[in-house]
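In: What shape does this take:
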Amino acid sequence: EIGMGLTGFGVFFLFFGMILFFDKALLAIGNVLFVAGLSFVIGLERTFRFFFQKHKMKATGFFLGGVLIVLIGWPLIGMILEIYGFFLLFREDLGFFPVVVGFIRRVPVLGYLLNLPGISSLVDKVGESNNMV
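Out: Next up, the predicted model:
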């Protein structure tokens with residue numbers, strides 16, 4: 001529960017920092033809270049194993065490098081690197097998006113919003129797994 005709260009606040013601060021024209025302080029707080037929350041949710045060891053797999057080193061470099069650049073004080077460049085790294089990290093995990101959609105549907109307010117008629121079909125398409133198992 002603490003991890004979900006930290007992650008949620010991290011996403012909120014990141015979103016709010018981008019809306020306020022890439023505010024350095026909000027983006028830095030959001031990055032720290034997001035990474036800390038992720039570590040609390042899945043555990044330190046699994047977080048470390050996820051980020052530092054041999055085939056994900058390029059993606060991890062972009063993501064964590066972007067976090068570092070935001071903390072240094074160049075928020076626009078840092079966020080571009082982070083978004084690119086995030087995309088590279090999760091494009092290989094075909095099962096990532098269905099798990100996220102399933103999890104969000106169990107959250108009280110967000111689950112209700114995702115099950116609304118127009119949104120539900122869109123979310124179902126995003127949440128479909130593309131693996132051929």
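
In: Output the contacting helices and strands for the helix or strand bottoming out on mean pLDDT in the chain.
Out: Within the chain, no helix or strand scores below helix 96-106, which has a mean of 72 by mean pLDDT, DSSP states H and E. Helices and strands touching helix 96-106, by 3 or more CB pairs under 8 Å, 6 or more residues apart in numbering; DSSP states H and E, are helix 108-114, helix 117-127. Where C-beta positions appear, they are placed from N, C-alpha and C, glycine not excepted.

In: Pass me the low-pLDDT residue ranges in the protein, would you?
Out: Scanning the chain for pLDDT under 70 picks out the ranges 92-97, 99, 126-133.

In: what's the helix or strand for the residue most central in space within the chain?
Out: Centroid-nearest residue in the chain: residue 86, 7.0 Å away (criterion: CA atoms, centre = their mean). Here residue 86 sits within helix 75-91, counting by DSSP states H and E.

In: now the angle between helix 96-106 and that helix, please.
Out: Put simply, helix 75-91 runs at 100 degrees to helix 96-106, going by axes from the mean of the first three to the mean of the last three CA atoms, to 10 degrees.

In: For helix 75-91, buried residues please.
Out: 75, 78, 79, 81, 82, 85, 88, 89 (16 or more other CB atoms under 10 Å).

In: Same check on stretch 9-19?
Out: For stretch 9-19, a neighbour-count test (16+ other CB under 10 Å) marks 9, 10, 13, 14, 17, 18 as buried.

In: Next, the contact list for the second one, please.
Out: Spelled out, it's residue 10. Listed by CB atoms under 8 Å, 6 or more residues apart in numbering, the contact partners of residue 10 are 29, 30, 31, 32, 33, 34, 35, 36, 37.

In: Quick check: the gap between residue 23 and residue 10.
Out: Counting by CB to CB, to the nearest Å, the separation of residue 23 from residue 10 is 15 Å.

In: Residue 58 now?
Out: 23 Å.

In: Same question for residue 39.
Out: 11 Å.

In: How about residue 22?
Out: Counting by CB to CB - residue 22 and residue 10 are separated by 16 Å.
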